[in-house]
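Enquirer: Make a model of this:
(3 chains)
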Amino acid sequence: MKHFLNTADWTRPDLQALIDDARAMKASPYGEALKGKTVALLFLNNSLRTRTSFDVGAHQLGGHAVVLSPSGGMWPLEFEDGVVMDGEAEEHVKEAVKVLSRYCDMIGIRAFPKFQDWQEDRKDKILTAFAKYADVPVINMETITHPCQEMAHVMALQERFEKDGRGALDGKKFVLTWTYHPKPLNTAVANSALMIAAKFGMDVTLLTPTEEYILDIRYMNQAAHDAKANGRKIHVTHDINEAYDGAEVVYAKSWGAIPYFGNWQEEKPIRDLYRHFIVDEEKMAKTDNALVSHCLPMRRNVKMTDGVFDSANCIAYEEAENRLHVQKAIMKALAG
Amino acid sequence: MKHFLNTADWTRPDLQALIDDARAMKASPYGEALKGKTVALLFLNNSLRTRTSFDVGAHQLGGHAVVLSPSGGMWPLEFEDGVVMDGEAEEHVKEAVKVLSRYCDMIGIRAFPKFQDWQEDRKDKILTAFAKYADVPVINMETITHPCQEMAHVMALQERFEKDGRGALDGKKFVLTWTYHPKPLNTAVANSALMIAAKFGMDVTLLTPTEEYILDIRYMNQAAHDAKANGRKIHVTHDINEAYDGAEVVYAKSWGAIPYFGNWQEEKPIRDLYRHFIVDEEKMAKTDNALVSHCLPMRRNVKMTDGVFDSANCIAYEEAENRLHVQKAIMKALAG
Amino acid sequence: MKHFLNTADWTRPDLQALIDDARAMKASPYGEALKGKTVALLFLNNSLRTRTSFDVGAHQLGGHAVVLSPSGGMWPLEFEDGVVMDGEAEEHVKEAVKVLSRYCDMIGIRAFPKFQDWQEDRKDKILTAFAKYADVPVINMETITHPCQEMAHVMALQERFEKDGRGALDGKKFVLTWTYHPKPLNTAVANSALMIAAKFGMDVTLLTPTEEYILDIRYMNQAAHDAKANGRKIHVTHDINEAYDGAEVVYAKSWGAIPYFGNWQEEKPIRDLYRHFIVDEEKMAKTDNALVSHCLPMRRNVKMTDGVFDSANCIAYEEAENRLHVQKAIMKALAG
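Expert: Next up, the predicted model:
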């Protein structure tokens, strides 16, 4: 049995095969690969795209999604082993997962970090528990990484570069830029964007305001490892001009600085200094006609100007749409 | 591409064709008109009938409804254009709607007024934004009008008058009566009842406690226009006897007086004076054996007595059931 | 028209026929018995298993479940007849149920007691109202009894005893043991376990800390009546050794003592004295290799130790899985 927890667990050719299948289904959306099957989608955090695209995707393949969330009436769960459960939790994750495995053919889980202690959050304990206890395939619907988003992004880049006659991803200058947001956000999409860009052979530049916004060493190392295998490197810079100069892809995302986890009041004045990291027309002018994207939801005129977002080079809607197609390919592959 | 935003956008023959199809599907409910298709139902307010009937209707036509709501885990939305989104909203309605358009074949939206400023509420900003940004048909599931309810009401009247051998709607005396309710409610169903009764050729009387409870000029004018085209007029009265005398249809609804939007403490003592507008047996005795209805949910013995509601002349359940059938006809028409 | 409100309304052969059909569907899960049909699932309380298993079950039979809850955006309901509805409730249960009957082919309802006044709770007013007003079959998804759980439990016992060559349920020593839980819980599963064990011919022992934890006389009497019909008796004891000695089935459940309804602060120090009622390895060693189960969710190491729960004799997962199969059989039978 295979899970879809992180792209790092999959080879580039296997991921490309999923994307190729997604492109085939984009052209021809209906099928019976999930006929009679159900996928449980457990959301411990908000969702619009993920919830809708998995639900629609299951239906288009003849299957059915069951959407669950604690705010939607689920019992609170315990995630530790061996504990005397006399606190708030009414049920251990083991039972929830084992029972869902009896009812459903697949389980998707969204569980954002708690933003109090990165050493704790980086264990990705909930996803790990689901993968450990499930007797059916588990899909990561965003925890501390967001592999479905990565796949949709690469698919959108490949489609657009092909259409524009600009060729394969290998060697393209890919800039992942931190942007301002009034709240500290999950690093999941940033971790994922970094890794997938490296895995697909791009020349990756990570642009952050300071060293403190560099991503967790686990993902920096994974990206470096994959970049090296492709004969590339990961560049880190705090210089906006250097990053944007000649860029062919700009991917915007905000995230909280890891050293300040649980101490966000202290981070706030620092992040407030870097509102100018917004992706705007002036910065885009320095690029090599770069494609630009964001995973959505996105605060307009905070992370990216209306002008850039609504420009022809922005592939955010294609990327969002591709969530549907790649997730269908992933469900199909896991179902069997 | 056609939306179903307001009946005013549709001709009477086109609306009648939808009702005729709804009656055909009431007799024969299953079909494949929505096979493989999905409709996103976005609820910014509570619902029982609308949510259930759209969901069931989609299934009966081979399709699938995805039910979304902010309380059910959606991101808070921004509705203004060009704004710097550094407040609560995480996503602009444009992205939400554009992305839903990529996943789904149709979008239903429920967005009640905010009851603070009618000049603002009457812009129907959310519905307008959905219609503007959507790349798929949009259905009004109640904003400041409730066109699906109108259709179900006309269908129920036509069915019952036919069955009772009382002929067509044209020229029937239709009374829309304000009733008491402890809270100020949306004028949507009242606006809609007024317009559809006029459009289908009835002789419309609007009964309100005072002039302040008369409906917005936009809907009064639309109804007057449609009444005139049918050779009728809209009568406004505050005299209960005059209204009920010879009535053939009584439609009950409570709503907040427009001049008091955002100032409800001042309206409360006024509305409290008019508890006697309840639809009761004594009033019904003055009518010409009138059919009576309410859109539900309805507070028993506040808006209508148990005796009237549970009488054979009450068509509220038929009207509620017809929501299912007319919405199927609407979805079918928009999908196809 | 038949409802599935309580197993007491059904004969043992009819219940066995449902279980037999459930076992057939466990081996061969897909069918078309609910093709085009919908079941409304109304949850006034939390759920994981019930919500998921009904939803999946409906899908596997070609049907569709519509999940509704007040926290999920339903209007608050009134349950009294003849009342002037000028309080919080916007809609009478009669309308909600009558209208759902027009949209759906079946209605499931979960409505836990309010835990303030057992004389009030024991009327099971919501379930009774649904059965009274519905024009389609109603299924009890747990109110003050939990008949679907009973069926799943009996099915799991029959499967395991057959597999182990230990024969039929008749005459087996069945122990229903109260266990500690930090909160006072619903007696529903306890009432149900007691009744079904008696109905299926087991020799039932009810183990409680004190007389105050004995179950409501209605269920004690029903169980005694069914036990007698099978030539057995209901034994009540507060002696742990006596109960476990030679037991062949141990069913664990916590519940609040009926005399303390609405007065839980007074019960708390009493229940706190009986933490040692936990099902542990030492107690299980006194049994005749008993099967052990719990309805889930279960607090590990509070109601049952990890050692017992994770042992081969524990059939809690089978019982949970069987919820899916028995509910499919029930829906099929009610759908006709």
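Enquirer: Now do the strands in the stretch 51-200 of chain A.
Expert: Remark: strands of the stretch 51-200 of chain A, listed N- to C-terminal, are A:64-68, A:77-78, A:91-92, A:106-110, A:138-140, A:173-178; assignment by DSSP state E, counting those that start in this stretch.
Enquirer: Including mean pLDDT and mean neighbour count, could those go into JSON lines?
Expert: Backbone N, C-alpha and C define where each C-beta goes, glycine included. As requested, the strands of the stretch 51-200 of chain A are arranged in JSON lines below (pLDDT from 0 to 100; neighbours: other CB atoms under 10 Å in any protein chain shown):
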{"stretch": "strand A:64-68", "mean pLDDT": "94", "mean neighbour count": "25"}
{"stretch": "strand A:77-78", "mean pLDDT": "86", "mean neighbour count": "22"}
{"stretch": "strand A:91-92", "mean pLDDT": "90", "mean neighbour count": "24"}
{"stretch": "strand A:106-110", "mean pLDDT": "97", "mean neighbour count": "27"}
{"stretch": "strand A:138-140", "mean pLDDT": "98", "mean neighbour count": "26"}
{"stretch": "strand A:173-178", "mean pLDDT": "98", "mean neighbour count": "26"}
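Enquirer: would you turn those into CSV with distance to chain C?
Expert: Putting the strands of the stretch 51-200 of chain A into CSV (distance: least, CB to the nearest CB, whole Å) gives the following:
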stretch, distance to chain C
strand A:64-68, 4
strand A:77-78, 8
strand A:91-92, 3
strand A:106-110, 11
strand A:138-140, 16
strand A:173-178, 37
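Enquirer: Let me know whether the biggest helix by length in chain A sits next to chain B.
Expert: For chain A, the helix with the greatest residue count under DSSP state H is helix A:316-335. Yes: Helix A:316-335 comes into contact with chain B (CB under 8 Å from any CB of the partner chain), by way of A:316, A:317, A:320, A:321, A:324.
Enquirer: OK, now which residue of the stretch 101-250 of chain A is nearest to chain C?
Expert: Residue of the stretch 101-250 of chain A nearest chain C, by CB to the nearest CB: residue A:102 (3.8 Å).
Enquirer: Neighbours of that residue, how many?
Expert: The burial count assigned to residue A:102 is 20, neighbours taken as other CB atoms under 10 Å in any protein chain shown.
Enquirer: Need the per-residue pLDDT for the nearest residue to it once chain neighbours are set aside.
Expert: Nearest non-adjacent residue to residue A:102, counting by CB to CB, 6 or more residues apart in numbering or on different chains: residue C:321, 3.8 Å away. Predicted confidence (pLDDT) at residue C:321: the value is 98.
Enquirer: Would you mind listing what in chain A touches chain C?
Expert: A:36, A:38, A:40, A:64, A:66, A:68, A:71-75, A:78, A:82-86, A:89-92, A:95-96, A:98-100, A:102-104.
Enquirer: Tell me the buried residues within those residues.
Expert: The neighbour-count test (16 or more other CB atoms under 10 Å in any protein chain shown) marks A:36, A:38, A:40, A:64, A:66, A:68, A:72-75, A:78, A:83, A:85, A:89-92, A:95-96, A:98-100, A:102-104 as buried among the residues of chain A next to chain C.
Enquirer: give me the number of residues near residue A:19?
Expert: Look at residue A:19: counted by other CB under 10 Å, it has 20 neighbours.
Enquirer: OK, contacts around the nearest residue to it once chain neighbours are set aside?
Expert: In space, not counting the residues next to it along the chain, residue A:19 is nearest to residue A:155; the distance is 4.8 Å by CB to CB, 6+ apart. Residue A:155 makes contact with A:19, A:22, A:23, A:319, A:322, A:325, A:326, according to CB atoms under 8 Å, 6 or more residues apart in numbering or on different chains.
Enquirer: which of the residues you listed sit farthest apart?
Expert: A:23 and A:319 (13.7 Å; CB to CB).
Enquirer: neighbour-wise, which of these two wins?
Expert: More neighbours sit around residue A:319 than around the other of residue A:23 and residue A:319, counting by other CB under 10 Å; the figures are 28 against 17.
Enquirer: Excluding sequence neighbours, find me the nearest residue to that one.
Expert: The shortest distance from residue A:319 to any residue other than its chain neighbours is 4.2 Å, reached at residue A:156 (CB to CB, 6+ apart).
Enquirer: Likewise for residue A:246?
Expert: Spatial nearest neighbour of residue A:246, excluding adjacent residues (CB to CB, 6+ apart): residue A:288 at 5.0 Å.
Enquirer: Surely the one you found and residue A:249 touch.
Expert: No: under the criterion of CB atoms under 8 Å, residue A:288 is not in contact with residue A:249, lying 9.8 Å apart.
Enquirer: Nearest residue to whichever residue of chain A sits closest to chain B in space, please, no chain neighbours.
Expert: With distances taken as CB to the nearest CB, chain A approaches chain B most closely at residue A:297, which sits 3.3 Å away. Ranked by CB to CB, 6+ apart and with sequence neighbours excluded, the top spatial neighbour of residue A:297 is residue B:91, at 3.3 Å.
Enquirer: In this structure the one you found contacts residue B:97, no?
Expert: No: counting by CB under 8 Å, residue B:97 is not a contact partner of residue B:91; they are 10.2 Å apart.
Enquirer: so residue A:228 is in which element?
Expert: Taking DSSP states H and E as the definition, one finds residue A:228 inside helix A:217-229.
Enquirer: Show me what that helix is packed against.
Expert: For helix A:217-229, the helices and strands in contact under the criterion 3 or more CB pairs under 8 Å, 6 or more residues apart in numbering or on different chains; DSSP states H and E are helix A:188-199, strand A:234-237.
Enquirer: hmm, 10 Å instead?
Expert: Where contact means 3 or more CB pairs under 10 Å, 6 or more residues apart in numbering or on different chains; DSSP states H and E, helix A:217-229 is packed against helix A:188-199, strand A:203-207, strand A:234-237.
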